[in-house]
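S.K.: coordinates only, no sequence provided:
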């Protein structure tokens, strides 16, 4: 490095001497001598190219240009980067502000929705689909109150009619305003009211499911328990229902017999099956018990064509259209018949036959002297606390008859109103029942009786004893 600078210095000095000699020649003076003692000959014509900027200076200038270019590029790149950072920061800040705004909006909407008392009954988003069964389980059936009244109110000549009825499903409380009227001896209206109170306390209920011969639960919509007039199907003291095979999802075939396409349920080989042509209205006939009572309308089962009647293609074609339409399912067990066929045991369990599985009634058989004796137990009391009379007074009804006005309340069992409890029936003290499908309610209500006039001595003193009208 030192040698480099020495050469530089020597070159600069030589250049300086040459410049001096040049100007001396111009001025007519003798050129100065060099260090080596040589003298420049100014008379000799020589062309000189003078480089006033040394090489190192040129390299320095190039380095400065390169530095400035690099610095400029760095400034441009830095500016672009800073601009990009600013833009990204602005976008990020905007997103944060938007997200924060949406979060506040969602929180506000969530608080508003959560404050709605019926939220659980209305929302059915995907995350709550599993809770549908719980929602359905909380539903209640208000119309069942008429079934309860249908067996609570007196069924004979004595009457208890209502003028006002209110029901609170929150507490399962029924409040009644009505009138009691005696029509048989002794003609005491208080006796009718007391009989009504005792009847309420003895009323029971029952519910459960109908099952096929394999024990599989049949859908509720497949079962028909009443006729067109709302009367429960009954044969003697036994109740039954019809399993409709023609409804979609209700198809069934005989257990161990020919399998029907799409059928997933089975009925026993001894089941009572109604056959016919699908789509045709069955011919109905009135069927009564041995005493000519408890009459119901039942379809006439078509006869199977005989061999002589079956001759010809038309008869064969008509016969091929006849299929099973519905199956009878006994709600009341056929005790001895099923026991002898080994389908019912003494502990009350039933197998290999379509039947009703009760949630309230249990059956038990014991060996008697000559046959099996069967007993049933129902622990489902409809109104355990009975009927509480709040007030009673004398009055006259719309026909000017002496009656006993009263108001009172009763609390029914919670299970009785629950929608999830299917095939519900109310059972009165005398064994009569009313299903929750349909009930006649017209005779339950009447116009409110009038209070006794102050000068109506008969009404004021004798409403509890009808006597002469």
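M.R.: Received the coordinates, thanks. Because the structure is predicted, anything quoted here is derived from the model rather than measured.
S.K.: contacts, neighbours, all on C-alpha from now
M.R.: Fine.
S.K.: low pLDDT regions in this protein?
M.R.: By pLDDT under 70, the low-scoring segments of the chain are 1-12, 15-16, 18, 21-54, 118-131, 279-287, 289-320, 434-442, 462-469.
S.K.: please enumerate the helices of it.
M.R.: 2-27, 55-114, 119-122, 132-137, 144-152, 189-202, 313-320, 335-340, 414-417, 457-462 (DSSP state H).
S.K.: so which of those is nearest residue 243?
M.R.: Residue 243 sits nearest to helix 335-340 of all those, at 19.2 Å, using Cα to Cα.
S.K.: how far off centre is that closest one?
M.R.: 41 Å (Cα atoms, centre = their mean, to the nearest Å).
S.K.: cool, stretch 194-213 as well?
M.R.: The mean C-alpha position of stretch 194-213 is separated from the chain mean by 28 Å, Cα atoms, centre = their mean.
S.K.: picking that back up, could I get the helices of the chain in TSV, plus columns for distance to residue 353?
M.R.: Supplementary listing: the helices of the chain in TSV, determined by distance: least, Cα to Cα, whole Å:
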stretch	distance to residue 353
helix 2-27	121
helix 55-114	50
helix 119-122	39
helix 132-137	29
helix 144-152	29
helix 189-202	32
helix 313-320	27
helix 335-340	8
helix 414-417	28
helix 457-462	59
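S.K.: just those helices: most buried one?
M.R.: Ranked by mean neighbour count under mean count of other Cα atoms under 10 Å, the helices of the chain are led by helix 144-152, which reaches a mean of 22.
S.K.: mind listing what the nearest residue to residue 407 once chain neighbours are set aside touches?
M.R.: Distances taken as Cα to Cα, 6 or more residues apart in numbering put residue 177 closest to residue 407, at 4.4 Å, once the chain neighbours are dropped. For residue 177, the contact set (Cα atoms under 8 Å, 6 or more residues apart in numbering) comprises 162-165, 405-408.
S.K.: tell me, how many residues neighbour residue 452?
M.R.: 18 (other Cα atoms under 10 Å).
S.K.: quick one on the thing from earlier: list buried members of the contacts of residue 177 by neighbour count.
M.R.: When the contacts of residue 177 are checked for burial by 16 or more other Cα atoms under 10 Å, the buried set is 162-163, 405-408.
S.K.: which of these lies closest to residue 225?
M.R.: Distance to residue 225 across the buried ones among the contacts of residue 177 (Cα to Cα) is lowest for residue 162, with 27.5 Å.
S.K.: sorry, back to before: how far away is the residue nearest to residue 407 from residue 264?
M.R.: From residue 177 across to residue 264, the span is 50 Å (Cα to Cα, to the nearest Å).
S.K.: would you confirm that residue 376 contacts residue 358?
M.R.: No - using Cα atoms under 8 Å, residue 376 is not in contact with residue 358, being 11.2 Å away.
S.K.: out of the two, which sits in the more crowded spot?
M.R.: Using other Cα under 10 Å, the more surrounded residue of residue 376 and residue 358 is residue 358, with 18 against 10.
S.K.: residues in contact with the more buried one?
M.R.: Counting by Cα under 8 Å, 6+ apart, residue 358 makes contact with 206-209.
S.K.: can you rerun that using 10 Å?
M.R.: The neighbours of residue 358, taking Cα atoms under 10 Å, 6 or more residues apart in numbering as the test, are 206-210, 331-332, 378, 423-424.
S.K.: swap in residue 371?
M.R.: Contacts for residue 371 were tallied using Cα under 10 Å, 6+ apart; they are 336, 365.
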